[in-house]
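Visitor: Mind folding the following:
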Amino acid sequence: MFAILLHFGVTLVVSAHILLRRHRLPETRVAWLLIVLGLPYLGALAYLLLGQTSIGKARIRAMQRVMAALPRPECAAPKADVALPGQARGLLQVGQSISGYGPVGGNRMQLMADSDSAIDAMVADIDAATDHVHLVFYIWLDDGNGRKMAEAVMRAARRGVACRVMVDDIGSRKFTRTELWRQMAAAGAQTRTALPVGNPLLRMLNGRIDLRNHRKVLVIDDSVTYCGSQNCADPAFLPKARFGPWVDVVMRLTGPVVRQNQHLFACDWMGNGGDDVTGILRRSQPAPGAGFVAQVVATGPTYRDAAMPEIFTSLIFAARSSLFITTPYFVPTQAVQAAICSAAYRGVEVTILFPARNDDLAVGAASRSHYEGLLDAGVRVFEFQPGLLHAKTLTMDGEMALIGSANMDRRSFDLNYENNILLADAAATTALRARQEEFLAQSRQISAAEVAAWGPVRRLVNNALAIMGPVL
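Guide: Numbering: from 1, shown residues only. Predicted coordinates:
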């Protein structure tokens with residue numbers, strides 16, 4: 001009798017907590033209720049460990065103090081006479097409402113040819129640095145590209161450049177235990193880990209372990225920044241080599257948007273116990289020259305809830321003629337899926353490109369559960385064949401583009417700290433769209449007939465994992 005009462009008591013209390021939590025999507029509540037009701041005790045334990053979206057009260061307070069104290073980048077809105085495409089002003093306002101970075105003009109960009117070229121360009125810029133090098137990577141590997149970057153940082157530190165290097169404590173856990181990591185510190189670079197786990201058992205009592213800093217940010221001398229999907233690693237990505245090569249897209253940017261990425265780095269660095277870099281943010285910025293309008297869009301557990309799907313749906317609903325998306329992980333909210341289908345139904349040419357081989361089998365299966373709805377709406381669905389297409393890009397109407405670290409999945413929506421840049425420029429969007437078309441030429445189109453021919457076992461697996469999508 002006691003065991004029965006305990007079971008019902010635990011189930012009731014945890015279920016009530018799920019239903020009473022603020023800012024949770026209905027499908028997330030349903031998924032957790034199914035787990036708690038279907039797996040007695042184990043489900044309740046899983047929810048207590050993984051059902052929260054808090055990094056811990058102390059860390060939240062530290063992050064909030066840093067963000068409140070740091071001087072904001074100059075972000076005067078583009079003048080009324082600045083030519084902005086279509087619905088850009090409203091979309092840029094949405095971006096500003098999320099992380100506070102306003103649209104700034106006078107930016108220029110260079111799209112890197114491939115992953116190795118991106119690393120080579122970063123190394124060249126680090127070698128040219130005279131004041132500071134600021135780096136955040138989710139994953140840094142001790143491989144060819146990882147060593148190139150580390151050696152460049154060490155060269156810069158030895159000649160007196162202030163080098164601040166931060167990696168995610170779980171994403172780069174093996175790297176922080178290598179001799180190379182220690183050598184960077186010995187050369188004079190300041191090294192830190194984002195969201196350190198420490199004792200896992202104690203960590204679980206004060207915030208989720210798997211809330212991670214997924215950002216990839218490089219800022220050099222407050223004049224150059226990089227944004228994209230690439231971690232600091234070779235395309236072969238040896239820990240998951242059988243899915244490779246990993247194919248990424250990276251932009252090199254100059255102009256006022258660099259200061260916004262600098263501010264974002266400062267939030268991460270100081271919020272994780274790094275030294276005070278406020279002085280850099282107080283330096284005057286040169287007057288912007290010719291260039292396009294852009295803004296940083298940053299999201300994470302201490303930002304507004306559901307911010308990342310909000311910017312995605314805003315862009316998708318604004319599309320009038322074309323929408324092209326590449327994402328390796330697709331576990332959308334109902335709103336994002338509906339927005340994509342709605343765009344296709346109203347006549348927008350919608351193309352989505354996924355990897356044929358996904359390193360996360362559960363996420364890959366959940367992604368495919370959405371194919372039928374997309375195809376029924378008229379969305380063109382393709383799977384990239386040569387490797388794992390890791391690029392996270394969106395182009396809209398040949399006028400606006402979004403590039404960065406955020407996937408279209410629940411981790412990027414709710415759990416990870418992400419960084420993206422929203423561009424309002426035809427030339428930059430055209431360049432990114434051309435890269436998307438290159439990927440398309442190496443992809444296979446998925447037909448409605450092919451999906452209809454899937455057997456019941458495959459459908460069962462895909463749909464069952466899709467139900468668990470909110471907790472993947």
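Visitor: For the stretch 351-472 of the chain, just list every one of the helices.
Guide: Per DSSP state H, counting those that start in this stretch, the stretch 351-472 of the chain carries helices over the ranges 361-368, 371-377, 410, 426-440, 448-452, 456-467.
Visitor: wait, which of those helices is closest to Met184?
Guide: helix 426-440 (31.8 Å; Cβ to Cβ). The way it works is simple: take the backbone N, C-alpha and C, and place the C-beta from them, glycine included.
Visitor: what's that closest one packed up against?
Guide: Counting contacts by 3 or more Cβ pairs under 8 Å, 6 or more residues apart in numbering; DSSP states H and E, helix 426-440 packs against strand 104-111, strand 322-326, strand 349-355, strand 393-396, strand 400-404.
Visitor: Just the residues contacting the second one, thanks.
Guide: For strand 322-326, the surrounding residues in contact (Cβ atoms under 8 Å, 6 or more residues apart in numbering) are 249, 315-316, 340, 343, 348-354, 389, 391-398, 408, 433, 436, 439.
Visitor: Write the ChimeraX selection for whichever of the residues you listed are buried.
Guide: Selection of buried members from the contacts of strand 322-326 for ChimeraX, criterion 16 or more other Cβ atoms under 10 Å:
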select :249,315,316,340,343,348,350,351,352,353,354,389,391,392,393,394,395,396,397,398,408,433,436,439
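Visitor: and Val297, which of the helices of the stretch 351-472 of the chain is closest to it?
Guide: Taking the helices of the stretch 351-472 of the chain one by one with Cβ to Cβ, helix 426-440 is closest: 15.3 Å.
Visitor: Which positions in the closest one come out as buried?
Guide: Ala426, Ala428, Thr429, Ala431, Leu432, Arg433, Arg435, Gln436, Phe439, Leu440.
Visitor: Okay, helices next: where are they in the stretch 1-150 of the chain?
Guide: Counting by DSSP H, counting those that start in this stretch, the helices of the stretch 1-150 of the chain are 2-20, 26-38, 42-50, 57-69, 88-99, 115-127, 144-158.
Visitor: low-scoring pLDDT stretches of the stretch 201-350 of the chain, where are they?
Guide: Counting by pLDDT under 70, the stretch 201-350 of the chain shows low-confidence ranges at 201-205, 207.
Visitor: what separates the spatially most central residue of the chain from Ala391, distance-wise?
Guide: Nearest to the geometric centre of the chain sits Ala406, at 2.4 Å (Cα atoms, centre = their mean). Using Cβ to Cβ, to the nearest Å, Ala406 is found at 12 Å from Ala391.
Visitor: How about Gly373?
Guide: In this view, Gly373 and Ala391 are 23 Å apart by Cβ to Cβ.
Visitor: next one: Thr278
Guide: With Cβ to Cβ as the criterion, Thr278 and Ala391 are 34 Å apart.
Visitor: Ok, Gln96 next?
Guide: From Gln96 to Ala391 the distance is 25 Å (Cβ to Cβ).
Visitor: and if you look at Thr326?
Guide: In terms of Cβ to Cβ, Thr326 sits 5 Å off from Ala391.
Visitor: what touches both of these two?
Guide: Val249, Phe439.
Visitor: Looking at stretch 127-147 now, give me its mean pLDDT.
Guide: Averaging pLDDT along stretch 127-147 gives 98.
Visitor: Give the buried residues for it.
Guide: 129, 132-143, 145-146.
Visitor: start to end distance for it?
Guide: End-to-end distance of stretch 127-147 (Cα to Cα, to the nearest Å): 14 Å.
Visitor: neighbours of Pro286, just the number please.
Guide: Pro286: 10 surrounding residues under other Cβ atoms under 10 Å.
Visitor: Could you work out the most separated pair of the buried residues of stretch 127-147?
Guide: His132 and Asp143 (25.6 Å).
Visitor: now, which of the buried residues of stretch 127-147 sits nearest Leu402?
Guide: Closest approach between those and Leu402, by Cβ to Cβ: Tyr138, at 18.3 Å.
Visitor: That closest one touches Ser229, doesn't it?
Guide: No: using Cβ atoms under 8 Å, Tyr138 is not in contact with Ser229; the gap is 10.1 Å.
Visitor: list residues touching both of those two?
Guide: Common neighbours of Tyr138 and Ser229 (Cβ under 8 Å, 6+ apart) are Lys216, Ser405.
Visitor: Nearest spatial neighbour of Arg192, chain-adjacent residues omitted?
Guide: Sequence neighbours aside, Met166 is the residue nearest to Arg192 in space, at 4.7 Å (criterion: Cβ to Cβ, 6 or more residues apart in numbering).
Visitor: coming back round to it: quick one: closest of the helices of the stretch 351-472 of the chain to Asp234.
Guide: When those are compared by Cβ to Cβ, helix 426-440 sits nearest Asp234, at 19.3 Å.
Visitor: the inter-axis angle of the closest one versus strand 322-326?
Guide: 60 degrees (axes from the mean of the first three to the mean of the last three Cα atoms, to 10 degrees).
Visitor: what is the orientation angle of helix 426-440 with strand 400-404?
Guide: Using the same axes, to 10 degrees, helix 426-440 lies at 60 degrees relative to strand 400-404.
Visitor: Contacts for helix 426-440 next, please.
Guide: Outside helix 426-440, the residues touching it (Cβ under 8 Å, 6+ apart) are 85, 109, 111, 247, 249, 251, 292, 324, 326, 351, 353, 382, 384, 389, 391, 393, 395-396, 398-401, 403, 423.
Visitor: Now do Trp140 against Gly279, distance only.
Guide: 27 Å.
Visitor: got the angle between whichever strand or helix holds Leu315 and strand 349-355?
Guide: Leu315 belongs to helix 307-318 when assigned by DSSP states H and E. Helix 307-318 and strand 349-355 are oriented at 140 degrees to each other (the same axes, to 10 degrees).
Visitor: re earlier: can I get the helices and strands packed on helix 426-440 in TSV with distance to Val197?
Guide: Below are these laid out as TSV (distance: least, Cβ to Cβ, whole Å):
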stretch	distance to Val197
strand 104-111	36
strand 322-326	31
strand 349-355	29
strand 393-396	31
strand 400-404	25
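Visitor: Nearest to Gly273, out of those strands?
Guide: strand 400-404 (24.9 Å).
Visitor: Tell me the strands beside that closest one, with direction?
Guide: The pairing partners recorded for strand 400-404 under DSSP bridges are strand 393-396 (antiparallel), strand 418-424 (antiparallel).
Visitor: Looking at those, spot the one closest to Trp269.
Guide: That would be strand 418-424 among the strands paired with strand 400-404, by Cβ to Cβ, at 13.3 Å.
Visitor: Could you find the closest non-adjacent residue to Ala150?
Guide: Nearest one to Ala150, counting by Cβ to Cβ, 6+ apart, is Leu180 at 5.1 Å.
Visitor: What are the neighbouring residues in contact with that neighbour?
Guide: Applying Cβ under 8 Å, 6+ apart, the residues near Leu180 are Asp142, Gly146, Arg147, Ala150.
Visitor: after the helix or strand hosting it, next one along is what?
Guide: Using DSSP H and E, Leu180 sits in helix 179-186. Remark: after helix 179-186, the chain's next helix or strand is strand 190-194, criterion DSSP H and E.
Visitor: counting contacts, what elements does that following strand pack onto?
Guide: strand 162-168, helix 179-186.
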